[in-house]
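*Asks:* when you get a sec, could you give me coordinates for this:
(chains A, B, C and D)
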Number of protein chains: 2
Amino acid sequence: MEDLIGLLRGAGVQPTPQRLAVARYVLATTSHPTADEVLEHARRECPTLSRATVYNTLTRLTEKRLVKSQSIKEGVVVFDARVEKHHHFIDEETGEIHDVPWDALVVSGKEKLKGFQIKEYQVVMRGRRKAGG
Amino acid sequence: MEDLIGLLRGAGVQPTPQRLAVARYVLATTSHPTADEVLEHARRECPTLSRATVYNTLTRLTEKRLVKSQSIKEGVVVFDARVEKHHHFIDEETGEIHDVPWDALVVSGKEKLKGFQIKEYQVVMRGRRKAGG
DNA sequence: GTTCGTGCAAACGGTTTGCAACAAT
DNA sequence: ATTGTTGCAAACCGTTTGCACGAAC
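*Replies:* Next up, the predicted model:
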């Protein structure tokens, strides 16, 4: 768990108590939190943590590719500790975002698209999580 | 062109000069405008048009399925006059959003996903528009 | 002592809301 | 009269910025 320090150092991010609190939460969760949700949780570990520091840290972590920011929900950016390519499913009732493994879906036809140089892509699905799923 | 009045009436939206100005622009463009861009353009036809009325109207048009709102760009909602299913390509340089026809791409594997009831989906691609594309 | 990080508060930009004036039925 | 629409201004919410204080090298 204290490899977090090494992880941040390795990424060129000086570890501070505030950054560790942010990183500990955002890297461990799969809930795709907003900046504010990160603040709320990280404050349990570091009560003086400020909103500005959370934004700073999340921006830094994003630059260093330790997390990825996603713009798939209205009005907010959410942060994703899963940094490898994958797809997303959004439950329209609860707003929850679920990861869908990259190779669970195959998108064909991209090669034939003329005029577009695709750097990345993902499938974004909306609907409802099934009970017992 | 004055079928716009009929179109709005048919959707249960009482046509007013303001709404016609908004609808005339948003239904004709393929540029995926933000609310503010709609305001800017619709004001050319109806200079007294207010921001609030634009939001009201866009919400109304969205409810009536005359346009669709998309949350694929950071921080803003954009409006899409194309109401049928299609995919999107976002030019990371210019921010422009391009429509990709539904049957240009095939997504396979969705049926095998357990636990998700998919109501809609789309492929969101990012990259650069190729010169001459 | 210079650089970097923090926290506060103010600013900002997109969006929503409350409300008084007004038009339509 | 009632209902619906408009436009303004204020509120709101997520995010960014400016700045002074403090910690680390």
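*Asks:* what does chain A put close to chain B?
*Replies:* By C-beta under 8 Å from any C-beta of the partner chain, the part of chain A that sits against chain B consists of A:71-75, A:77, A:89, A:92, A:98, A:100, A:104-110, A:112-130, A:132-133. For glycine as for every other residue, the C-beta is placed from the backbone atoms N, C-alpha and C.
*Asks:* DNA strand D contacts on chain A?
*Replies:* A:Thr34, A:Ala35, A:Asp36, A:Arg51, A:Ala52, A:Tyr55, A:Asn56, A:Thr59, A:Gly75, A:Val76, A:Val77 (C-beta under 7 Å from any atom of the strand).
*Asks:* what helix or strand is A:Gly127 on?
*Replies:* Per DSSP states H and E: A:Gly127 is located in strand A:116-129.
*Asks:* what does A:Gly109 show for phi and psi?
*Replies:* Per-residue torsions, A:Gly109: phi 110, psi -10 (degrees, to the nearest 10).
*Asks:* sorry, that was for A:His86
*Replies:* phi -160, psi 170.
*Asks:* tell me, how many neighbours does it end up with?
*Replies:* A:His86 has 18 neighbouring residues, counting by other C-beta atoms under 10 Å in any protein chain shown.
*Asks:* now A:Val83
*Replies:* Residues near A:Val83, counting by other C-beta under 10 Å: 12.
*Asks:* ditto for A:Gly115
*Replies:* Other residues near A:Gly115 come to 11 when the count uses other C-beta under 10 Å.
*Asks:* same check, this time on A:Phe116
*Replies:* A:Phe116 has 19 neighbours, counted by other C-beta under 10 Å.
*Asks:* can you give me the strands for chain A?
*Replies:* A:68-73, A:76-80, A:86-91, A:97-101, A:106-108, A:116-129 (DSSP state E).
*Asks:* please report how far the closest residue to A:Ala42 other than its chain neighbours lies from A:Val83.
*Replies:* Excluding the flanking residues, the one nearest A:Ala42 by C-beta to C-beta, 6 or more residues apart in numbering or on different chains is A:Ala21, at 4.1 Å. As for A:Ala21, its distance to A:Val83 is 20 Å (criterion: C-beta to C-beta, to the nearest Å).
*Asks:* what residues are up against the closest residue to A:Ala28 other than its chain neighbours?
*Replies:* Using C-beta to C-beta, 6+ apart and skipping residues adjacent in sequence, the residue nearest A:Ala28 is A:Ala81, 7.1 Å away. Contacts for A:Ala81 (C-beta atoms under 8 Å, 6 or more residues apart in numbering or on different chains) come out as A:Val26, A:Leu27, A:Ala28, A:Thr29, A:Thr30, A:Leu66, A:Val67.
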